[in-house]
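K.L.:
got a predicted structure here, sequence first:
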Amino acid sequence: QEHGLNFQRLLDASAYKEMFRQDMIRWGEEKRHSDPGFFCRAAVEGALQPVWVVSDTRRLSDVEWFRDAYGDVVQTVRVVATEETRKRRNWVFVNGVDDTESECGLDQGVAFDWVITNDGDKVALGEQLEMLVQSLHRSL
């Protein structure tokens, strides 16, 4: 909104998004620097459901914010795929973007409750997700 960008086009892996990606990262860093909880609060604003999925946290400070705000009920899930799988999905490493905190901030320092592997095996993915869902149901 602040910069007049097309929100829907920023949600895909298009050239449009890539044109603004570094600027978006810089803008986000400025927001986080002045208020580390800015995006976390925005993510939960108005949420009333007993279980929510907050996707795409990027930094240790995000995980810490949720743990501080909600304690032991927070379950962290990391979805991983090999570099080969990511390349098959048209990911291309961009120096100065894919090696920054916004992309690598959770590669260290977080003990995830769940690690889900998504390398294209639908059965294996389904089994992992079913275990996660069952665990969440048990904790309600």
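P.N.:
Structure received.
K.L.:
tell me the spacing between Leu133 and Pro36.
P.N.:
Let me fix one detail, which is that residue 133 is Val and not Leu. Distance, Val133 to Pro36, by Cβ to Cβ, to the nearest Å: 31 Å. Glycine gets a C-beta too; all of them are placed from N, C-alpha and C.
K.L.:
between these two, who's got more neighbours?
P.N.:
Comparing Val133 with Pro36 by neighbour count (other Cβ atoms under 10 Å), the higher total belongs to Pro36, at 14 against 11.
K.L.:
give me the most central residue, the chain.
P.N.:
In the chain, the residue lying closest to the centroid (Cα atoms, centre = their mean) is Asp56, at 1.3 Å.
K.L.:
the chain: strands as residue ranges?
P.N.:
For the chain, the strands defined by DSSP state E occupy 77-80, 114-117.
K.L.:
now render those as CSV, adding mean neighbour count and mean pLDDT.
P.N.:
As requested, these are exported to CSV (neighbours: other Cβ atoms under 10 Å; pLDDT from 0 to 100):
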stretch, mean neighbour count, mean pLDDT
strand 77-80, 14, 95
strand 114-117, 14, 96
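K.L.:
what separates stretch 49-57 from the chain centre, distance-wise?
P.N.:
Distance of stretch 49-57 from its chain centroid, counting by Cα atoms, centre = their mean, to the nearest Å, is 10 Å.
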